[in-house]
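[1] pasting the structure only:
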């Protein structure tokens, strides 16, 4: 590791250490956001996809952005130490207002950076359950003062026109939480699904905040039926950090993972296996592509859901 620091210029080295320390401190505040830890020291990537829509990755959930003629739109905000990076990159594209900051759901690796948009974003949008979850979680963690909460919420649908782009939001019921929404940039035909898809990575299934695997499977069916074969999807998280976008085939693959998870755990329960025995599983049968840390979260969530816990 010493060789790495030796090739970093002195000022950049100082910033690297400072940002790393800040990121570690943030984890102590947002310690329930299990996926943030794996992305902490990754350099950021800001890149366009198509039709003025792009992505930003650094720490936590993937950020989507729109650079329209009338202003910027940002989907999710990661952390307070990373959100300024996407803000700075967008400002390089022109002096325009930030029309909307949009949240796919409430988890801190998607919303902790909201505070960086205070006084900048004209509107903060999320599903109504996402607002409830974010506020409740912040009150429990005693960090409500560190939040920028949504000021515009919706039930099943929401839409806005920004420049030449039409943005539509859809809510399909409980999935990863009870407040996940997807956002479709219609002209670009790009959909940010947030954490409704974990690409080849064991997911976090937040039953405390209304997650339901059975309905999640149904929601993924609706997504596949609603969008076409040319739709480009943005994932909240991916095992390979270079593969945070994909196609309907990837949505189907993740749906198959969830179905295989329920089938396997249900079969083990029927066979009289204990929860402790089931939690020793190291891979989900018929879903070997799903890897990484945290298989116990999937197994526990499936067991508790099937047992009605």
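    Thanks, I have the structure now. In this text the structure is predicted, and so the values were computed from the model without any measurement.

[2] residues contacting the helix or strand hosting residue 266, please?
    Taking DSSP states H and E as the criterion, the element that holds residue 266 is helix 248-270. Contacting residues not belonging to helix 248-270 are listed as 193, 197-200, 213-214, 216-217, 220-221, 223-224, 227, 229, 231, 233, 235, 277-278, 281, 284-287, 289-290, 298-299, 302-303, 305-307 [Cβ atoms under 8 Å, 6 or more residues apart in numbering]. (Each C-beta comes from the backbone N, C-alpha and C, glycine too.)

[3] wait, what's in contact with the residue nearest the centre of the chain?
    Centroid-nearest residue in the chain, with Cα atoms, centre = their mean: residue 236, separated by 3.2 Å. Neighbour list for residue 236: 61-62, 76, 104, 110, 193-198 [criterion: Cβ under 8 Å, 6+ apart].

[4] does residue 237 really touch residue 195, like I thought?
    Yes - counting by Cβ atoms under 8 Å, residue 195 is a contact partner of residue 237 at 6.6 Å.

[5] any shared contact partners between these two?
    Overlap between the neighbourhoods of residue 237 and residue 195 consists of 61, 203, taking contacts as Cβ under 8 Å, 6+ apart.

[6] tabulate the contacts of residue 236 (CSV), appending distance to residue 120, pLDDT and neighbour count.
    Listed next are the contacts of residue 236 as CSV, based on distance: Cβ to Cβ, whole Å; pLDDT from 0 to 100; neighbours: other Cβ atoms under 10 Å:
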residue, distance to residue 120, pLDDT, neighbour count
61, 19, 98, 32
62, 20, 98, 28
76, 15, 98, 31
104, 19, 98, 30
110, 17, 98, 29
193, 25, 98, 27
194, 22, 98, 30
195, 25, 98, 26
196, 27, 98, 26
197, 29, 98, 29
198, 30, 98, 24
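
[7] which members of those residues are the farthest-apart pair?
    Based on Cβ to Cβ, the longest span within the contacts of residue 236 runs between 76 and 198 and measures 14.8 Å.

[8] mind listing what the residue nearest to residue 301 when sequence neighbours are not counted touches?
    Residue nearest to residue 301 in three dimensions, not counting chain neighbours: residue 205, with 3.7 Å by Cβ to Cβ, 6 or more residues apart in numbering. Residue 205 makes contacts with 176, 211, 213, 216, 297-298, 301-302, as judged by Cβ under 8 Å, 6+ apart.

[9] ok, those residues vs residue 153, which is closest?
    Checking the contacts of residue 205 against residue 153 with Cβ to Cβ, the nearest one is residue 176 at 17.9 Å.

[10] quick one on the thing from earlier: give the buried residues for the helix holding residue 266.
    Judged by neighbour count (16 or more other Cβ atoms under 10 Å), helix 248-270 contains these buried residues: 248, 250-251, 253-262, 264-265, 268-269.
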